[in-house]
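**Student:** Can you look at this prediction? I've put the sequence above it.
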Amino acid sequence: MHTTKHRTTISLVLCAVAALVSCSSGAGVGNVTFTTWGEEYIEAGIPASELEDGWSVKYSTFLVVLGGVKVADGAGVVGGEMSGTKLFNHVAPQPKAVFEASGLAAQPWPKVSYQLVPASSATALGAGATESDKAAMVAGGLGLYVEGKATKGAESRSFKWGFAAKTLFDACKGEVSGKEVDGANVTNGGTDSIELTIHGDHLFYDDLQSPSAKLRFQNLADADADKNGEITLAELEATKLARLPKENGPYGTGSAADIVDLKAYVTALTRTVGHFRGEGECLTRPIP
């Protein structure tokens with residue numbers, strides 16, 4: 001009898017000190033670690049074989065601010081949440097540490113979400129990012145900034161585009177060992193490692209909603225109205241979707257009637273760059 005009481009007391013103490021744990025005797029605890037990666041298309045470039053019109057794209061900078069990583073159970077009770085935001089440059093190779101939710105009850109945590117938001121003075125530096133990167137992002141109110149060059153034969157176009165759009169990636173799910181899993185699954189003493197994958201090729205899709213959207217660059221290249229070799233956001237804004245040649249792709253916007261130019265179109269595409277465990281999907285929506 002004394003032994004049973006003693007074990008029960010230990011179990012209750014462990015439950016009390018485990019942060020943010022929905023704990024019961026014998027449930028056990030584990031962790032969820034989050035990394036982020038831009039894959040080969042951001043690190044090494046998008047080859048011409050992947051684009052329908054023969055252009056290739058090479059990024060020199062791909063800055064993204066992540067925050068709001070949240071792990072919750074089926075009832076929406078939060079078990080772990082990232083405080084603050086972190087800036088990454090995904091041109092730097094390999095996955096990069098974002099956040100760890102530790103001491104979670106060993107159980108499924110099906111509601112996982114994260115955010116892409118503008119940088120602030122409190123934003124921490126993640127792998128690949130510098131203080132000068134952060135200062136520029138804060139000054140511009142940006143959450144995503146890309147620099148790069150596209151090439152086709154003897155032609156080339158450079159671009160430097162910054163975006164302030166705030167996006168929530170919610171109800172994330174992805175494949176684990178051949179099976180689709182909602183959110184995270186914590187095992188006793190184990191760690192569920194989750195990658196928040198950023199897809200740099202999505203900025204060049206020719207449709208906002210179609211699952212058969214293709215990668216293209218010709219319309220963006222043609223937006224260089226002053227023929228100086230650099231495509232600016234102002235030039236994209238001056239390029240109306242209704243005037244794009246049909247042979248250069250559909251550039252469909254679905255039900256989004258307010259997207260009428262290439263700047264608004266590419267800005268909308270920034271809301272699709274966030275994925276989960278590689279090719280896994282999240283529901284996305286703007287953050288007011």
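**Tutor:** On my side now, so go ahead.
**Student:** Am I right that residue 57 is in a strand?
**Tutor:** Yes - assignment of residue 57 by DSSP: H, G, I helix; E, B strand; the rest coil places it within a strand.
**Student:** What is the neighbour count of it?
**Tutor:** Residue 57 has 26 neighbouring residues, counting by other CB atoms under 10 Å. Glycine gets a C-beta too; all of them are placed from N, C-alpha and C.
**Student:** so it sits right up against residue 48, yeah?
**Tutor:** No - judged on CB atoms under 8 Å, residue 57 makes no contact with residue 48 at a distance of 9.0 Å.
**Student:** Now for the spatially closest residue to residue 111 that is not a sequence neighbour, how many residues are close by?
**Tutor:** Leaving aside its chain neighbours, residue 111 sits nearest to residue 72 (4.0 Å; criterion: CB to CB, 6 or more residues apart in numbering). Residues within reach of residue 72, counting by other CB under 10 Å, total 18.
**Student:** What ranges does the stretch 51-200 of the chain have for its strands?
**Tutor:** Applying DSSP state E, counting those that start in this stretch to the stretch 51-200 of the chain gives strands spanning 56-72, 78-81, 85-89, 96-105, 108-109, 111-116, 124-125, 144-152, 155-163, 167-176, 179-182, 184-185, 191-197.
**Student:** Using JSON lines, please lay out those together with distance to residue 223.
**Tutor:** Formatted as JSON lines, the strands of the stretch 51-200 of the chain follow (distance: least, CB to CB, whole Å):
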{"stretch": "strand 56-72", "distance to residue 223": "15"}
{"stretch": "strand 78-81", "distance to residue 223": "41"}
{"stretch": "strand 85-89", "distance to residue 223": "26"}
{"stretch": "strand 96-105", "distance to residue 223": "32"}
{"stretch": "strand 108-109", "distance to residue 223": "44"}
{"stretch": "strand 111-116", "distance to residue 223": "24"}
{"stretch": "strand 124-125", "distance to residue 223": "33"}
{"stretch": "strand 144-152", "distance to residue 223": "12"}
{"stretch": "strand 155-163", "distance to residue 223": "9"}
{"stretch": "strand 167-176", "distance to residue 223": "24"}
{"stretch": "strand 179-182", "distance to residue 223": "39"}
{"stretch": "strand 184-185", "distance to residue 223": "42"}
{"stretch": "strand 191-197", "distance to residue 223": "28"}
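**Student:** Just send those back as CSV, with mean pLDDT too.
**Tutor:** Shown next, in CSV, are these (pLDDT from 0 to 100):
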stretch, mean pLDDT
strand 56-72, 98
strand 78-81, 98
strand 85-89, 98
strand 96-105, 98
strand 108-109, 98
strand 111-116, 98
strand 124-125, 98
strand 144-152, 98
strand 155-163, 98
strand 167-176, 98
strand 179-182, 97
strand 184-185, 98
strand 191-197, 98
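**Student:** burial of the residue nearest to residue 230 when sequence neighbours are not counted, as a residue count?
**Tutor:** Once flanking residues are discounted, residue 230 sits nearest to residue 158: 4.8 Å by CB to CB, 6+ apart. When neighbours are counted by other CB under 10 Å, residue 158 registers 16.
**Student:** one step back: any idea how far the residue nearest to residue 111 lies from residue 31?
**Tutor:** From residue 72 across to residue 31, the span is 16 Å (CB to CB, to the nearest Å).
**Student:** And for residue 255?
**Tutor:** From residue 255 across to residue 31, the span is 40 Å (CB to CB).
**Student:** Settle it for me: which of the two has more neighbours?
**Tutor:** Set residue 255 next to residue 31 and count neighbours by other CB under 10 Å: residue 31 wins out with 18 against 6.
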